[in-house]
Every structure is written in C-alpha cells, then in structure tokens.
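Visitor: Make a model of this:
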Amino acid sequence: MHAYPTDQARRLVRSRFPDALSAVLAGSTATGRATASSDLDIAVLIDDGGVTCRETIRFEERVVELFVHTRTGLLELFAADVASRRAVLQNMYASGLVLVDSHGEAGRARALAEADLREGPPALGPETVEEKRYGLTDALDDLTDASDAIERLAVAGYVVNAAADLLCDHHHAWIGGGKWLPRRLLEADPQRGAALLEGHHRLCGSGDPAVLISAALEVLDLVGGPLREGYRRTWHGTIDSVAAAR
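Guide: Prediction:
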C-alpha cells in the first residue's frame, strides 16, 4: 500500500475526475486520526450535467468513499444534512484538505458549509421532543426491569442514542451516528455526554445499568422529565408509533 494517503487521493482525483471543480479529502486522514487501513473520504464537486452520487471503490489497495456532486446537488445535500441534524458533508468541506480548487470553488463550498455549521441544526418540534421523552422513559423502565443480559444490552444502545438525541437538541448541537455519536455528544455537553458514555461502557462490562439510568434521567430532567401517563398521540394515517420508531 502507498504510504501517503494524501498523494493517493490526489492521484485518484486526477485520474478519475480530471475536470473536477474542487475535491476535498476529509475524514480521519484529514484530521490526523488515520491508520494504515483507514479509507479515504473524498468530496468531489463536478459541473452541472453530471451525476450526484456516493460510491465506494478501491484505489491502489485502499478503500475510498466518494461523495460526488454537482453544484445543484451540493446545495441539495447540504439541505438534507441540515434537515437530518448531522451536517456530514458540511463537516467534510469545513475541515477537509483541499486537493483541487478551480476558480475558488472549494472556498465557496467551504463558506457555505461553515455558514450552516454556525447556524446549527433545526430544533426538534415540541411533539417530537415529547415523543422522544416518552420513548426514552419507556426504555429506561425496560432497562430497569430487564433480567436477560442480551436484552439489557439492546435496550441500553437505544437509551444512549435517544438520550444523546435529546441532549444535542437541548444544546442546539449537531448529532452523529456510529463513531461520531460519542464525538458529537462530548462536543455538545462534555459532562453529561461523558456520563452517558461511561454508563453504557459500565453496563457493557458489568451488566449494571445504574450509572446509565442515572445519566439518562438527568438528560430527561433537562427537557421536561420522564413522560408516561398523560402521553397521547393522534393517528395521522402513517406508521409513526413510538414502538415502530424504536
């Protein structure tokens, strides 16, 4: 495998996207967290008339995640990432290493990304917060009562995600999935985020849910407290039950 992933990324863009308007290398390689097996995350801006897509390839023995978009596609993807409250592509452009920059295109895309990041994600509506409070309260009851170790682990995963979602919304902070969940959680609230993660870690190691339950209850207290009796939803003709969402 070639030793320098940045050089690999440049060779890939030159060979596969010779007319690219801009290309940005993001992810662990750009932030200094890369390992020998890390993939390359590359955002490529192409002219309108091309195809906006995401594609995984292998180049010089390294896996590459390509995020290819036209100018119109980039704006649509930015809007979708804001709506999802994750800002994945915005973070790629804001923190990535510029590989190609034709006539300032990369700079313009970065400016748009940074503006979205400064604005922050849209707040969850009151009904959605209530729904998530009810779902988390119900899960904490299940976690308290769970005697099966496998079920306890499954419920604990839901508890961490639900509490993280509510905590990030409370702080008007972006959310994340996978490895980005703990990173975004700690950015949003270092103290409460760390308590949730430590509670989950302890439960996974010892099976004791007490610390996780306490941390999740603290999050619930920030957003109105546990919700059981009094919760009511009206059917709107779609499958939108809390049970289905879980």
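
Visitor: list the buried ones in the helix ranked longest in the chain?
Guide: When secondary structure is assigned using DSSP state H, the longest helix within the chain turns out to be helix 149-170. Of the residues in helix 149-170, those buried by neighbour count under the rule 16 or more other CB atoms under 10 Å are 152, 155-156, 158-170. Placement of C-beta: from N, CA and C, glycine included.

Visitor: Next: stretch 134-148.
Guide: Buried-residue list, stretch 134-148, by 16+ other CB under 10 Å: Y134, G135, L136, T137, D138, A139, L140, D142, L143, A146.

Visitor: So for the fifth one, what's the pLDDT?
Guide: At D138, the pLDDT value in this model is 97.

Visitor: ok, now G237?
Guide: On pLDDT, G237 comes in at 80.

Visitor: what secondary structure does it sit in?
Guide: Under DSSP: H, G, I helix; E, B strand; the rest coil, the three-state class of G237 is coil.

Visitor: so how far is E131 from it?
Guide: Here the criterion is CB to CB, to the nearest Å. By it, G237 lies 17 Å from E131.

Visitor: okay, these two: which has more neighbours?
Guide: In this view G237 and E131 are compared by other CB atoms under 10 Å, and E131 has more residues nearby, 19 against 5.

Visitor: The more buried one should be in a helix, yeah?
Guide: Yes - according to three-state DSSP, E131 belongs to a helix.

Visitor: hang on, isn't it packed against R233?
Guide: Yes - when contacts are counted by CB atoms under 8 Å, E131 is listed as touching R233 (7.4 Å).

Visitor: circling back: out of the buried residues of stretch 134-148, flag the one nearest to D189.
Guide: Of all these, the one sitting nearest D189 is L136; the distance, using CB to CB, is 15.7 Å.

Visitor: what packs against whichever strand or helix holds the closest one?
Guide: Assessed by DSSP states H and E, L136 sits inside helix 126-145. Contact here means 3 or more CB pairs under 8 Å, 6 or more residues apart in numbering; DSSP states H and E; on that basis helix 126-145 packs against helix 149-170, helix 210-222, helix 242-245.

Visitor: Can you name every helix or strand that the second one contacts?
Guide: Read it as helix 210-222. helix 126-145, helix 149-170, helix 190-206.

Visitor: Might you quantify the distance of that helix from its chain's geometric centre?
Guide: With CA atoms, centre = their mean, to the nearest Å as the basis, helix 210-222 stands 22 Å off its chain's centre.

Visitor: buried stuff in that helix?
Guide: For helix 210-222, the buried set under the neighbour-count rule, 16+ other CB under 10 Å, comprises V211, L212, I213, A215, A216, V219, L220.

Visitor: Please, which helix or strand holds the spatially closest residue to A194 that is not a sequence neighbour?
Guide: Closest residue in space to A194, ignoring its immediate chain neighbours: L186 at 6.4 Å, by CB to CB, 6 or more residues apart in numbering. L186 is part of helix 180-188 when elements are defined by DSSP H and E.

Visitor: got the angle for that helix vs helix 190-206?
Guide: Taking axes from the mean of the first three to the mean of the last three CA atoms, to 10 degrees, one finds helix 180-188 and helix 190-206 inclined to each other by 140 degrees.
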